[in-house]
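In: Pasting the sequence and the predicted model now:
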Amino acid sequence: MRIGELARRSATTTRALRYYESRGLLSARRDDSGYRVYDEDDLLILRQIRTLQDCGFDLEEIRPFVECLRAGFPTGDSCPASSEVYRRKLGELDDRIARLRDVREWIRTRLDAPGEPSVDRRPAAPPKCELTPIGLRPGA
């Protein structure tokens, strides 16, 4: 199939496909007329790329999954390198969730405090993010 059909079948743009190709994630062959030609394996790779992007993975994190598919494995997460990316991403998500819980609790204490929040009132523990009220800086 040509680039337009691959873009249509994968619900993406030809520009995105060219970008993935420039990053080495997608490889096109050329027909006698010089047109890019793709096959069903390329569609599988593209679906893997898009799924992982939708889950917050960047293109470099996606590379091991693509390499796994190119090596002939049935899924992109069948290889040890892909599992390692999953483990790192899971750790990152756990850290973000913990930070968000801290911020949530900080906001809850602000809402539960009597009266309006004041810029000179300091919370017991400042949140672990940049969501600090104006005039209130950790350590100030």
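Out: That came in fine, so what should we check first?
In: Now do the helices in this structure.
Out: Along the chain, the stretches classed as helices by DSSP state H are 3-9, 14-22, 40-54, 59-70, 80-112.
In: what helices or strands is the longest one leaning on?
Out: If contacts are counted by 3 or more C-beta pairs under 8 Å, 6 or more residues apart in numbering; DSSP states H and E, helix 80-112 sits against helix 59-70. C-beta: built from backbone N, CA, C; applies to glycine.
In: middle-most residue in this protein, spatially?
Out: residue 56 (1.6 Å; C-alpha atoms, centre = their mean).
In: Where does pLDDT dip in the protein?
Out: 115-140 (pLDDT under 70).
In: Now with 80, please.
Out: Residues of the chain meeting the criterion pLDDT under 80: 113-140.
In: how many other residues sit next to the nearest residue to residue 47 once chain neighbours are set aside?
Out: Nearest non-adjacent residue to residue 47, counting by C-beta to C-beta, 6 or more residues apart in numbering: residue 10, 6.5 Å away. Counted with other C-beta atoms under 10 Å, the neighbours of residue 10 add up to 19.
In: Thanks a lot, see you next time.
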